[in-house]
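Novice: compute the structure for the input listed below.
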Amino acid sequence: VQLQASGGGLVQAGGSRRLSCAASGRTFSTYAMGWFRQAPGKDREFVAHISWSGGSTYYAGSVEGRFTISRDNAKNTVYLQMNSLKPEDTAVYYCAADPYIVTMHAAYWGQGTQVTVSS
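Specialist: From the prediction side, this is the model:
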């Protein structure tokens, strides 16, 4: 599985942004997907996770209620809708895929897309 993240950019605090992660391969619909992020000088951290069917999602506490993860298996794409963005959301965002559950040790990673939130 190859992953290509896109949609990053510069956004003002309080604004919204939608990230996309396009996956290659016919097995996309059988993989759990997730988003992680890494801010400068900090460790990579979990953001959101979605099951293979899209029926189960969970979020880091810092983004709960502001971010929404979704997927379109027909388009081999997972999304991260980010609302009410804060400067502390500034980071490189990575998508990841795994046959079982997406953790820091996920099997596949995208290249990352930069999100910068200005105050």
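
Novice: from here on, contacts and neighbour counts on C-alpha atoms
Specialist: Will do.

Novice: now the strands: where do they sit in this structure?
Specialist: Taking DSSP state E, the strands of the chain run over residues 3-6, 9-12, 17-23, 32-38, 45-50, 57-59, 67-72, 77-82, 91-98, 108-109, 113-118.

Novice: list the helices and strands the first one packs on?
Specialist: In this structure, strand 3-6 packs against strand 17-23, strand 91-98, with contacts taken as 3 or more Cα pairs under 8 Å, 6 or more residues apart in numbering; DSSP states H and E.

Novice: about what we covered before: need the strands of the chain in a markdown table with mean neighbour count, can you?
Specialist: Below are the strands of the chain laid out as a markdown table (neighbours: other Cα atoms under 10 Å):
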| stretch | mean neighbour count |
| --- | --- |
| strand 3-6 | 21 |
| strand 9-12 | 15 |
| strand 17-23 | 21 |
| strand 32-38 | 25 |
| strand 45-50 | 22 |
| strand 57-59 | 17 |
| strand 67-72 | 20 |
| strand 77-82 | 21 |
| strand 91-98 | 26 |
| strand 108-109 | 18 |
| strand 113-118 | 20 |
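
Novice: now those in TSV, with mean pLDDT?
Specialist: Output for these, formatted as TSV (pLDDT from 0 to 100):
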stretch	mean pLDDT
strand 3-6	96
strand 9-12	98
strand 17-23	97
strand 32-38	97
strand 45-50	97
strand 57-59	97
strand 67-72	97
strand 77-82	98
strand 91-98	97
strand 108-109	95
strand 113-118	98
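
Novice: list the contacts of the residue lying closest to residue 10 once chain neighbours are set aside.
Specialist: Spatial nearest neighbour of residue 10, chain neighbours left out: residue 116 (4.8 Å); criterion: Cα to Cα, 6 or more residues apart in numbering. Applying Cα atoms under 8 Å, 6 or more residues apart in numbering to residue 116 gives the contacts 8-11, 87, 89-91.

Novice: circling back: of the helices and strands packed on strand 3-6, which approaches residue 57 most closely?
Specialist: Closest to residue 57 of those is strand 91-98 (Cα to Cα; 14.0 Å).

Novice: partner strands of the closest one, with direction?
Specialist: strand 32-38 (antiparallel), strand 108-109 (antiparallel), strand 113-118 (antiparallel) (DSSP bridges).
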